[in-house]
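Colleague: Fold the following for me, if possible:
(one chain, ligands or ions: 1)
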Amino acid sequence: MAFTLPNLPYDFNALEPHIDARTMEIHHGKHHNAYVTNLNNAIAGTDAEKLSIEEICKNISKYPVAVRNNGGGHYNHSLFWTVMSPKGGSPSGALADAINAAFGSLDEMKAKFNAAAGGRFGSGWAWLIKDASGKLVITSTPNQDNPLMDIAEVKGTPILGLDVWEHAYYLNYQNRRPDYAAAFWNVVNWNEVAKRFGA
Ligand code: MN
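Modeller: Numbering: from 1, shown residues only. All right, here's what the predicted structure looks like:
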């Protein structure tokens, strides 16, 4: 069973002006699509074809680097599209309580997340994760690594992620990654983040 490119849950222009339509179109249709194609090629004829992308990530040290890069790319982007929405809003309920418990306030969490996004040298991702004890933690990973991977420095279940590769923002923001990270908060799908937190 080959992996497939998931449909975007909204139109390319749905996140404007925070993320522009052309960036979304290229990011989903070219970049994510290439990760899916290259992942399928890398696992063709192997036992990994029977596994979920989460199972592959959790044992990523057993696989060639092409599976790490493209499997991570597929998992990360599949999550990324769903944790964004044109609706915006703010967290509530158990998720809001957990954010306050871990960081003091939503603003403090955002500041720490933005610092992780801005401080990641080169290409990578900023993450809000739930660790093994259920606590919320901010971390970042290089390239297409993610906190599910057994090689990650800080491990946990991602509930929110921000792509800080230049391909995610360069057309609209050029070198202004902090502006892109700040704008991201206008399009976070907190219902999806809460669903992942509760899972
Ligand atoms: Mn990307």
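Colleague: Of all residues in this protein, which one is closest to the ion?
Modeller: Relative to the ion, the nearest point of the chain is residue 163 (4.2 Å; CB to the ion). To be clear about C-beta, it is placed using only N, CA and C from the backbone, and glycine gets the same treatment.
Colleague: which residues does that residue contact?
Modeller: Shown in contact with residue 163 (CB atoms under 8 Å, 6 or more residues apart in numbering): 27, 76-77, 80, 125.
Colleague: Ramachandran coordinates for it?
Modeller: Backbone geometry at residue 163, expressed as degrees, to the nearest 10, gives phi -70, psi 120.
Colleague: Residue 87 - that's part of a helix, no?
Modeller: No. Going by DSSP: H, G, I helix; E, B strand; the rest coil, the assignment for residue 87 is coil, not a helix.
Colleague: Please identify the residues of this protein in proximity to the ion?
Modeller: 163, 165, 168 (CB under 5 Å from the ion).
Colleague: where are the low-confidence patches of this protein?
Modeller: Of all residues in the chain, those with pLDDT under 70 make up the ranges 1.
Colleague: mind checking the SS state of residue 94?
Modeller: Strictly by three-state DSSP, residue 94 counts as helix.
Colleague: That one: what's it in contact with?
Modeller: Taking CB under 8 Å, 6+ apart as the test, what residue 94 contacts is 194, 197-198.
Colleague: Same question for residue 63.
Modeller: When contacts are counted by CB under 8 Å, 6+ apart, residue 63 is found next to 42, 48, 56, 71.
Colleague: Next one: the third one from residue 43, what distance?
Modeller: According to CB to CB, to the nearest Å, residue 56 stands 8 Å off from residue 43.
Colleague: Between those two, which contacts overlap?
Modeller: Residues touching both residue 56 and residue 43 by CB under 8 Å, 6+ apart: 67, 71.
Colleague: got the buried residues for the helix or strand where residue 97 lies?
Modeller: Element membership of residue 97 [criterion: DSSP states H and E] is helix 93-103. Buried residues in helix 93-103, counting neighbours by 16 or more other CB atoms under 10 Å, are found at 95, 98-99, 102-103.
Colleague: Tell me which helix or strand comes right after it.
Modeller: By DSSP H and E, the next helix or strand past helix 93-103 is helix 106-119.
Colleague: Kindly spell out which helices and strands sit in contact with that following helix.
Modeller: helix 93-103, strand 124-130, strand 136-142, strand 157-163, helix 177-184 (3 or more CB pairs under 8 Å, 6 or more residues apart in numbering; DSSP states H and E).
Colleague: picking that back up, pipe the contacts of residue 63 into a markdown table and attach secondary structure and neighbour count per row.
Modeller: Output for the contacts of residue 63, formatted as a markdown table (DSSP: H, G, I helix; E, B strand; the rest coil; neighbours: other CB atoms under 10 Å):
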| residue | secondary structure | neighbour count |
| --- | --- | --- |
| 42 | helix | 18 |
| 48 | helix | 18 |
| 56 | helix | 24 |
| 71 | helix | 28 |
